[in-house]
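Enquirer: what's the 3D shape of this:
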Amino acid sequence: MTLVMAIVVSLGALVTGHAAELTKTEKAQGWTSLFDGKSFDGWRSYKHKEVKNGWQIVDGTMVHTKDGGDLITVKQYEDYELSLEWKVSEKGNSGIFLAAQEAEGPIYKTAIEMQILDDKKHPDGVHEKHVSGSCYGLYKSPTGAVKEVGQWNKVHVVKQGDHYRFYLNGVKTADFRTEGDDFKQRVANSKFGKWPYFARHNKGHIGFQDHGDQVSFRNIKLRELNPIALFNGTDIKNWDHFLKENTPADLTWSVENGVLKCTGKPAGYLMTKDDYRDYQIDVEWRWVPGQKAGNSGLLVHAVAGSKGAGIWPKCVESQLMHGEAGDFWLLSEDITTPDMKKRRNKRNIKNLTDNLEKPHGEWNHMRTVCRGGEITVFVNGQLANYGFGCTTQQGRICLQSEGAPIEFRKAELTPLPGR
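Expert: Sure thing, here's the model as predicted:
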């Protein structure tokens, strides 16, 4: 390489690297760059300490030429958004691996793959579950999502627990849960069914596939979806409170050994000081051993200072009442469910499956996912309720005091990306 060529390449890498830097908005939102356009810092080849020669950096772009092996991040990630761009050579094949582990054998024996392909000219293009954007071998991508060979394609992946969503050039190409019956059946009917640890890891490396063809990556960014502890395990300073007769909070609510205790009397609620939109909230609760179980609830999209029904604010309630956990109660708000006529009685929409609670005195877990106009409720890992077209999409979060002693030991909120 001549001196002039070296200077041109160097300047090109610097310009591209600068262009790939995070904006102030991205930094404020928690995004980090996984590739600086100049080095392989943070990356290594699968089952190697360094990056093999088949991977190169050309004009600020990560390029696989040949014999490089699969490339993975040094760090492992659990819940995140991933954004990047790729382009592949004519008849080319590659992939993006998620939740990969360095177990015995190749990377695809543990990792889920988002496919990269020249759909028109590669032989795999005739298989609908092998085209670009698909969850390889399991979920097909809609036709027309990928661009012509030689053009850059933009990928957005959201991984939240066992829930994966793939987007290619703004088109949703896959949406699935690895703990769902549908996914497990698809795996059992595929080649992946032979591998006991396929898609069984919630945390793992992000990787790029060596399939023998040239493929390029750039603008690789990641935002980890870290939970916010609404209950800090020490006190209720993060909450406002409302109780009948203006009862002081400490006569109803107390904290002992990291557990938030509620006497249930008088009726009222704790309310977050901030509004939230597009989030997942995880709550753990139990009915006090030796005392009668009763009623309580998790209120979402609550409007501070409003009157929804009685003393309660306008909101949607994820019911915690013993024997009815997962019901919806609609307090001056509304939501639609797929089988509304069957399950709805005025303001109440029954859960899909009763008796999801654990025996009295044991800790239960409720996950309520609020995104856009949709609300999905899981009780102890099982789908309890789902609604869409909610008349409100944001607000505060409340824990109820409603007649019976109840205890909480977790209330964590994880911000979610909008659809």
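Enquirer: can you give me the strands for the stretch 301-419 of the chain?
Expert: With DSSP state E, counting those that start in this stretch as the criterion, the stretch 301-419 of the chain has strands at 315-319, 328-331, 344-345, 348-349, 364-371, 374-379, 382-387, 394-401, 406-415.
Enquirer: possible to save these as JSON lines with mean pLDDT, mean neighbour count and distance to residue 236?
Expert: From N, CA and C alone the C-beta is placed, and that goes for glycine too. Formatted as JSON lines, the strands of the stretch 301-419 of the chain follow (pLDDT from 0 to 100; neighbours: other Cβ atoms under 10 Å; distance: least, Cβ to Cβ, whole Å):
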{"stretch": "strand 315-319", "mean pLDDT": "97", "mean neighbour count": "27", "distance to residue 236": "19"}
{"stretch": "strand 328-331", "mean pLDDT": "97", "mean neighbour count": "22", "distance to residue 236": "22"}
{"stretch": "strand 344-345", "mean pLDDT": "96", "mean neighbour count": "12", "distance to residue 236": "34"}
{"stretch": "strand 348-349", "mean pLDDT": "97", "mean neighbour count": "20", "distance to residue 236": "29"}
{"stretch": "strand 364-371", "mean pLDDT": "95", "mean neighbour count": "20", "distance to residue 236": "19"}
{"stretch": "strand 374-379", "mean pLDDT": "96", "mean neighbour count": "22", "distance to residue 236": "24"}
{"stretch": "strand 382-387", "mean pLDDT": "95", "mean neighbour count": "19", "distance to residue 236": "27"}
{"stretch": "strand 394-401", "mean pLDDT": "97", "mean neighbour count": "24", "distance to residue 236": "10"}
{"stretch": "strand 406-415", "mean pLDDT": "94", "mean neighbour count": "20", "distance to residue 236": "11"}
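Enquirer: Now for residue 259: which residues touch it?
Expert: 407-409 (Cβ atoms under 8 Å, 6 or more residues apart in numbering).
Enquirer: Looking at the residues you listed, which is nearest residue 217?
Expert: residue 409 (42.5 Å; Cβ to Cβ).
Enquirer: Adding distance to residue 134, write the contacts of residue 259 out as TSV.
Expert: Output for the contacts of residue 259, formatted as TSV (distance: Cβ to Cβ, whole Å):
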residue	distance to residue 134
407	45
408	41
409	41
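Enquirer: Closest to residue 393 out of those residues?
Expert: Out of these, the member with the shortest distance to residue 393 (by Cβ to Cβ) is residue 408, at 24.9 Å.
Enquirer: residue nearest the centroid of the protein?
Expert: Against the mean C-alpha coordinate of the chain, by Cα atoms, centre = their mean, the closest residue is residue 160 at 2.0 Å.
Enquirer: so what's it bridging to?
Expert: Beta-bridge partners for residue 160, by DSSP bridges, are residue 163.
Enquirer: That one touches residue 414, doesn't it?
Expert: Yes: counting by Cβ atoms under 8 Å, residue 414 is a contact partner of residue 160 at 7.3 Å.
Enquirer: need the helices for the protein, in chain order.
Expert: Applying DSSP state H to the chain gives helices spanning 3-19, 24-28, 181-188, 340-343.
Enquirer: hmm, back to that, can you list residues touching both of residue 160 and residue 414?
Expert: By Cβ under 8 Å, 6+ apart, residue 160 and residue 414 have these common neighbours: 79, 225, 280.
Enquirer: so what's the second one closest to, chain neighbours aside?
Expert: This means residue 225. residue 79 (4.2 Å; Cβ to Cβ, 6 or more residues apart in numbering).
Enquirer: ok, so what distance separates the residue nearest to the centre of the chain from residue 416?
Expert: Plainly put, residue 160 is 7 Å away from residue 416 if you go by Cβ to Cβ, to the nearest Å.
Enquirer: residue ranges with poor pLDDT in the stretch 1-150 of the chain?
Expert: Low-confidence segments of the stretch 1-150 of the chain (pLDDT under 70): 1-20.
Enquirer: go with 80
Expert: For the stretch 1-150 of the chain, the stretches with pLDDT under 80 are 1-21, 25, 28-29, 104.
Enquirer: hang on, the earlier thing: looking at the strands of the stretch 301-419 of the chain, which is closest to residue 261?
Expert: Nearest to residue 261 among the strands of the stretch 301-419 of the chain is strand 406-415; the distance by Cβ to Cβ comes to 5.3 Å.
Enquirer: tell me what the closest one is packed against?
Expert: Applying 3 or more Cβ pairs under 8 Å, 6 or more residues apart in numbering; DSSP states H and E, we find strand 406-415 packed against strand 228-229, strand 259-262, strand 279-287, strand 394-401.
Enquirer: so how far is that strand off the chain centroid?
Expert: Chain-centre distance of strand 406-415: 17 Å, with Cα atoms, centre = their mean, to the nearest Å.
Enquirer: Can you tell me the strand partners of it and which way each runs?
Expert: Strand 406-415 pairs in its sheet with strand 228-229 (antiparallel), strand 259-262 (antiparallel), strand 279-287 (antiparallel), by DSSP bridges.
Enquirer: For residue 268, which of those strands is the nearest?
Expert: Evaluated over those, closeness to residue 268 peaks at strand 259-262, with 9.5 Å, by Cβ to Cβ.
Enquirer: okay if I get the strands paired with strand 406-415 as CSV plus mean pLDDT and distance to residue 144?
Expert: Formatted as CSV, the strands paired with strand 406-415 follow (pLDDT from 0 to 100; distance: least, Cβ to Cβ, whole Å):
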stretch, mean pLDDT, distance to residue 144
strand 228-229, 92, 38
strand 259-262, 98, 51
strand 279-287, 95, 31
